[in-house]
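**Q** need coordinates for the following:
(chains A and B)
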Amino acid sequence: MSAAAPVTAAASDLLLVEGVSVALDGRPILTDVSFRVAAGEFTGLIGSNGVGKTTLLRVILGLLTPSSGHVLVAGAPRSRRNPLIGYVPQQATLDPDMPVRARDLVGLGIDGHRAGLPLPSAKRRGQIDEMLAAVGATHIGDARVGNLSGGEQQRILIAHALISRPRLLLLDEPLANLDISSEQEIIELLSRIAREQRIAVLISTHDMNPLLPVMDRIVYVARGKVASGPTSEVVTTEALSRLYGHHVDVINVHDRVLVVAGRDDATVRHAGRDRIVELV
Amino acid sequence: MFSGFMLNAWAAGTIVAVVAGVVGFFTVLRGAAFAAHALPNGAFAGAAAAGLAGVNAVLGLGVFSLLGALTIATLGRRVRQDVATALVIVMMLGLGALFLSMTTEYAPQLFSLLFGEILGVSSAELLPTLALAVVCIAAVLLLYRPLLLSSVLPEAAAARGVSPARVQFAFLVVIALATTTAVPVVGALLIFSLLIAPAAAASSFTSNPAAAMMLSVLIALATVWSALALAYALDLPIGFFVGVLGAIAYGAGRLWAGLRVTRRRAPPADLDAWRPRTLIEPTE
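**A** Numbering: from 1, shown residues only, chains lettered A, B, ... in the order given. Take a look at the predicted model:
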């Protein structure tokens, strides 16, 4: 589970990231990152803003070439437009002036890369209706996407990513800007998708706390490196101190985990930045 | 009103309105209004160059608007898109001024490119205009889905192999085609108005993108036809009516949109409703 130890491939791995290093404009962002994700697993990609989570997702998507290391998706080298991967980008600002309905966005998940107009067919419509129902968005199918709430937009984006039936679902900060109840709904939905459809879900977020009840595995990013493994092994004072390169304390408060820099209690290093303010 | 030179004006105006309605839909959706302003105005330099070289003005318009599109797309990958667009329009207008100063010909014909000469369209010009319009509309329909996807969710489009940079370049070429089609007929200033106002108005009336595109064409047609009729009847400039009617259509759209805002309650998610056609098995 440590950052340096090589990750051994298992047959059930849907995603295998091995020794990946990335530098942008000569600045190293990620160094020797290795981890794996299995089918049906719910994995949290945890790290503070700007630590390289989006960069890592872009590498997995094949949009960015790492300077070393490799990525295997279902045993094959990554490629652009991999039908095995569904992607929910960081909450785009969906302009309310855009004449685009939720169902149009979901439909583009089927054939958005193809030329021409989408020809209306009962099959296509049925597929979209099923997908809307699956994410609990039937009632907003005909609504303009820009007028939907943050949580509703996330459901539509998840439907857009899932309708092509990927086996790996990547989500970039899907919980940012959501109120607590929407956050819980989206997590519950994603966790059910992982369990019931055997889809591997990899979700990036800066706050691990909302994911703790459902996360099977954690990939914790700090200082360009990762620690990965079962949550109980990674979110410990020892493992995270090793990752950060100095002493940090992992504190449990009211079922929440706080990662606090050891020497200076006032500095909340990472998770629960908002929450410690409430607690102090 | 429906004879002689007016007949040609009706035909040319109709062709241009359809092009403007279709291309305008994506211009507004992508927030590309500045490029839609820059290319028609900058292409004026091409017409001036054509005058110098003694070739057809449409050829000059086509070459310069395509060069402008290429420059905006290439430069826009390195610097901000609006800065790239501004630099291109300034550069092209500068060139236009130079070419105009070098030509010994009388220049009003070139200036008519800014305001159009819809009443002066000859029968011989109609066919090339129609041909260009068909190519332009076919290009938009071919690009429809990738354009829509990359306009709404550029990152998700990229992940599906639809490169936002390539889509942007393709769309700038479409604007260049629309420019070449429309500028000789309605001029650089009116095509700008026709690209923006009908599409922006249509977006307020419907949330269905295909319907909005069709409505955009209908509003553009209504604008051009009414402007022609009013200009003929009242002997006032067509440009005045195109501008004002466009603004009125947009205002009506906003009013309509303001009057209806709907929202409903959420039922729970139902994963069972989503029956996978190919069951996803765990890899062993």
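
**Q** CA only for contacts and neighbour counts going forward, please
**A** Noted.

**Q** if you rank every helix and strand of chain A by mean pLDDT, what lands last?
**A** When each helix and strand of chain A is scored by mean pLDDT, DSSP states H and E, helix A:273-279 comes last, with a mean of 38.

**Q** over to chain B?
**A** Across the helices and strands of chain B, mean pLDDT, DSSP H and E gives its lowest value to helix B:108-115, namely a mean of 71.

**Q** may I have stretch B:245-254 as PDB, with CA atoms only?
**A** The C-alpha coordinates for stretch B:245-254 follow below in PDB (Å, rounded to 0.1, in the frame of the first residue of the first chain):
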ATOM      1  CA  LEU B 245     -36.300  43.700 -35.700                       C
ATOM      2  CA  GLY B 246     -33.400  41.500 -34.400                       C
ATOM      3  CA  ALA B 247     -33.500  43.400 -31.100                       C
ATOM      4  CA  ILE B 248     -37.200  43.100 -30.900                       C
ATOM      5  CA  ALA B 249     -37.100  39.400 -31.500                       C
ATOM      6  CA  TYR B 250     -34.500  39.000 -28.700                       C
ATOM      7  CA  GLY B 251     -36.600  41.200 -26.300                       C
ATOM      8  CA  ALA B 252     -39.700  39.100 -27.000                       C
ATOM      9  CA  GLY B 253     -37.700  36.000 -26.300                       C
ATOM     10  CA  ARG B 254     -36.400  37.300 -22.900                       C
END
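
**Q** how about that stretch: buried residues?
**A** Neighbour counts over stretch B:245-254 (16 or more other CA atoms under 10 Å in any protein chain shown) mark B:245-254 as buried.

**Q** quick check, nearest of those residues to chain A?
**A** Taking CA to the nearest CA as the measure, chain A sits nearest to B:Arg254 out of the buried residues of stretch B:245-254, at 10.1 Å.

**Q** quick one: that closest one and B:Ser203 touch, right?
**A** No - counting by CA atoms under 8 Å, B:Arg254 stays clear of B:Ser203, with 9.2 Å between them.

**Q** can I assume A:Phe69 sits in a helix?
**A** If you look again at residue A:69, you'll see it is Gly, not Phe. No - counting by DSSP: H, G, I helix; E, B strand; the rest coil, A:Gly69 is not found in a helix; it is strand.

**Q** and the contacts of stretch A:107-119?
**A** With contacts defined as CA atoms under 8 Å, 6 or more residues apart in numbering or on different chains, stretch A:107-119 is touched by A:124, A:128, A:159-164, B:141-146, B:148-149, B:157, B:160-162.

**Q** show me those residues that map onto helices.
**A** Using DSSP state H, A:124, A:128, A:159-162, B:141-146, B:148-149, B:157 are the members of those that sit in helices.

**Q** tell me which two of those sit farthest apart.
**A** Farthest-apart pair in those is A:Leu162 and B:Leu141; separation 26.0 Å (CA to CA).

**Q** higher neighbour count, the two?
**A** A:Leu162 (25 against 15; other CA atoms under 10 Å in any protein chain shown).

**Q** give the helix, strand or coil label for A:Leu175.
**A** On the basis of three-state DSSP, A:Leu175 is classed as coil.

**Q** please apply the same query to A:Val20.
**A** strand.

**Q** quick one: secondary structure of A:Tyr220?
**A** Three-state assignment for A:Tyr220 (three-state DSSP): strand.

**Q** next, find the distance separating it from B:Leu245.
**A** 58 Å (CA to CA, to the nearest Å).

**Q** so is the strand or helix carrying B:Ala176 next to chain A?
**A** Using DSSP states H and E, B:Ala176 sits in helix B:164-205. Yes - using CA under 8 Å from any CA of the partner chain, helix B:164-205 reaches chain A at B:203-204.

**Q** for that helix, packing partners?
**A** helix B:5-29, helix B:33-42, helix B:57-76, helix B:108-115, helix B:123-152, helix B:154-159, helix B:209-234, helix B:238-259 (3 or more CA pairs under 8 Å, 6 or more residues apart in numbering or on different chains; DSSP states H and E).
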